[in-house]
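[1] Pasted the sequence and its predicted model underneath.
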Amino acid sequence: MSSISSIDNFLVAPGTSTSDPLEPQAARLYVQHERVKTEPFPPVRVLSPQDRKRILVTGGAGFVGSHLVDRLMLMGHDVLVLDNFFTGQKSNVSHWIGHPNFELVRHDVVNPILVEVDQVYHLACPASPPFYQANQIKTIKTNFMGTSNMLGLAKRTKARFLLASTSEVYGDPDVSPQKETYNGNVNQTGPRACYDEGKRVAETLAYGYLYQDKVDVRVARIFNSYGPRMNPFDGRVMSNFLLQALRGEPVTVYGDGSQTRSFCFVHDLIDGLIALMNADDNEDSAERDYNIHSPVNLGSEHEFSIRSLVDEVASVVDELRQQDGQERLGAASPEGNAKSTVKINYLPMPVDDPRQRRPDTTRAKELLGWQPQWSLRAGLKEMARFYLQQIKSGAL
Ligand SMILES: O=c1ccn([C@@H]2O[C@H](COP(=O)(O)OP(=O)(O)O[C@H]3OC[C@@H](O)[C@H](O)[C@H]3O)[C@@H](O)[C@H]2O)c(=O)[nH]1
């Protein structure tokens, strides 16, 4: 399965435009890639009317949403983005504004909307713990009312519907790794419940529409993901650690750092989401719990303690700084860890923070032929370069 490394691969540097149809390089590009380029946009594939879909992406200006939008645009589809910009940012999709295949609408999914589409990727919801806990009632309304509205839209238009669910439906799991058949260990009255239970009820709604109204639903349970465009201030571990290390500040480890997560690079995740949306329905599947409508874990199976992530981040940031001709980061940590070159600021563990998390991705492998391709180090470098660029440009 091929993965597009960066939208920047498709951007033409100023002064190197290949838009002149008589210029041989431009013609070669057109023929080789079967793409059409409409200045100043990245070149997109040309699809026949039967292959070209009208695709709605809710939360399309967010971190994951905007990477999905890039890929769907490059594939040649018509893409409609809905976002209320609570956590999404216009700048994540601004490179498509004005493109004939692209529309961006400020809309909150808690309100219904009438549009005609063939597929719905329903991603809209704040995903970082501090953001989704900032307004807990709004988070659960987004998950319940927003999902209900978008499923109603899919039912009316006979669109295929993909729900972006989460590993948080497993709560603080007492089994490892987590299979899709594990029912989870969620505290329904805790501070994370607005998101965990919100996504659980969103899944229940999706299956209600599948069994009752025959809506073709797909449910992706997304584990921790990371990559460029993750909001640097959204409080997640990857964005916090990278930004702190790049600025030469101590990194904030919650608890003793022994809790674990597995991290999936965003381009791998997008491969999985698109594969799940487009996989054929296997009516012959003997088991109701093992067909394309059943939930599918998407994530990396490489589990790291948060403490060991500090060393990975420090090493990547060191390498980038050296390449950049800057000084190495500060002295060795006071804890005496020779590998780490950043200092650690230990802070209290948040309430209900899961102790461990690692997906069993057998189902994704068997149903979709999907597995992540990016190593943690390669992905971290991409993300660190993105923040470094923003720091240099003054945007951070
Ligand atoms: O600065 C930090 C931030 C976070 N952490 C810790 O790092 C771990 C990961 O925290 P994150 O905030 O990145 O992510 P979480 O695993 O808690 O939640 C995430 O899980 C999966 C997604 O679907 C969710 O959208 C997201 O909420 C937690 O144990 C947290 O306590 C730190 O040690 N320091």
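    Received, thanks.
[2] C-alpha only now, for contacts and for neighbours.
    Will do.
[3] show me where pLDDT drops low in this protein?
    1-39, 282-290, 326-341 (pLDDT under 70).
[4] Can you pull up the most central residue in it?
    Val64 (2.9 Å; C-alpha atoms, centre = their mean).
[5] tally of neighbours for the closest residue to that residue other than its chain neighbours?
    Distances taken as C-alpha to C-alpha, 6 or more residues apart in numbering place Val266 nearest to Val64, at 6.7 Å, with adjacent residues excluded. A total of 26 residues lie near Val266 under the criterion other C-alpha atoms under 10 Å.
[6] one step back: can you pull the phi/psi pair for the residue nearest to the centre of the chain?
    Main-chain dihedrals, Val64, degrees, to the nearest 10: phi -70, psi -40.
[7] Please apply the same query to Tyr211.
    The phi/psi pair for Tyr211 (degrees, to the nearest 10) is phi -80, psi -40.
[8] now Asp268
    Here is the backbone geometry of Asp268 (degrees, to the nearest 10): phi -60, psi -40.
[9] wait, what's in contact with Lys155?
    209, 213, 215 (C-alpha atoms under 8 Å, 6 or more residues apart in numbering).
[10] Out of the residues you listed, which end up buried?
    Buried residues within the contacts of Lys155, defined by neighbour count using 16 or more other C-alpha atoms under 10 Å: 209, 215.
[11] any idea how far the residue nearest to Val64 is from Phe102?
    Using C-alpha to C-alpha, to the nearest Å, we find Val266 at a distance of 21 Å from Phe102.
[12] Ala206 now?
    Ala206 is 27 Å from Phe102, where distance means C-alpha to C-alpha.
[13] So the two - more neighbours on which side?
    Ala206 (25 against 18).
[14] How many residues are close by the residue lying closest to that one once chain neighbours are set aside?
    Once flanking residues are discounted, Ala206 sits nearest to Val217: 6.5 Å by C-alpha to C-alpha, 6+ apart. If you count neighbours by other C-alpha under 10 Å, Val217 ends up with 25.
[15] Near the ligand, which residues of this structure are found?
    127-129, 166-168, 222-224, 235-238, 240, 252-254, 259, 306, 349-350, 353 (C-alpha under 6 Å from any ligand atom).
[16] Please indicate which of these are buried?
    The buried subset of the residues of the chain next to the ligand - by 16+ other C-alpha under 10 Å - is 127-129, 166-168, 222-224, 236-238, 240, 252-254, 259, 306.
[17] from these, which ones fall inside strands?
    Judged by DSSP state E, the subset of these located in strands is 166, 222, 252-254.
[18] I'd like a version of these in TSV, one that adds distance to His77 as further columns.
    Below are these laid out as TSV (distance: C-alpha to C-alpha, whole Å):
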residue	distance to His77
Thr166	26
Ile222	24
Thr252	42
Val253	42
Tyr254	42
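[19] closest to Leu114 among those?
    Within these, the smallest distance to Leu114 is 26.9 Å, found for Thr166 (C-alpha to C-alpha).
[20] who's in contact with that closest one?
    By C-alpha under 8 Å, 6+ apart, the residues touching Thr166 are 196, 199, 220-223.
[21] Which pair in those residues has the greatest spatial separation?
    It's Asp196 and Ala220 that sit farthest apart of these, by C-alpha to C-alpha, at 14.2 Å.
[22] quick one: the helices in the chain?
    24-33, 63-74, 129-134, 136-141, 147-157, 193-213, 237-246, 266-278, 306-323, 362-368, 376-393 (DSSP state H).
[23] In the fifth one, which of the residues would be classed as buried?
    Applying a neighbour-count criterion of 16+ other C-alpha under 10 Å, one finds 147-155, 157 buried in helix 147-157.
[24] Nothing else from me, thank you.
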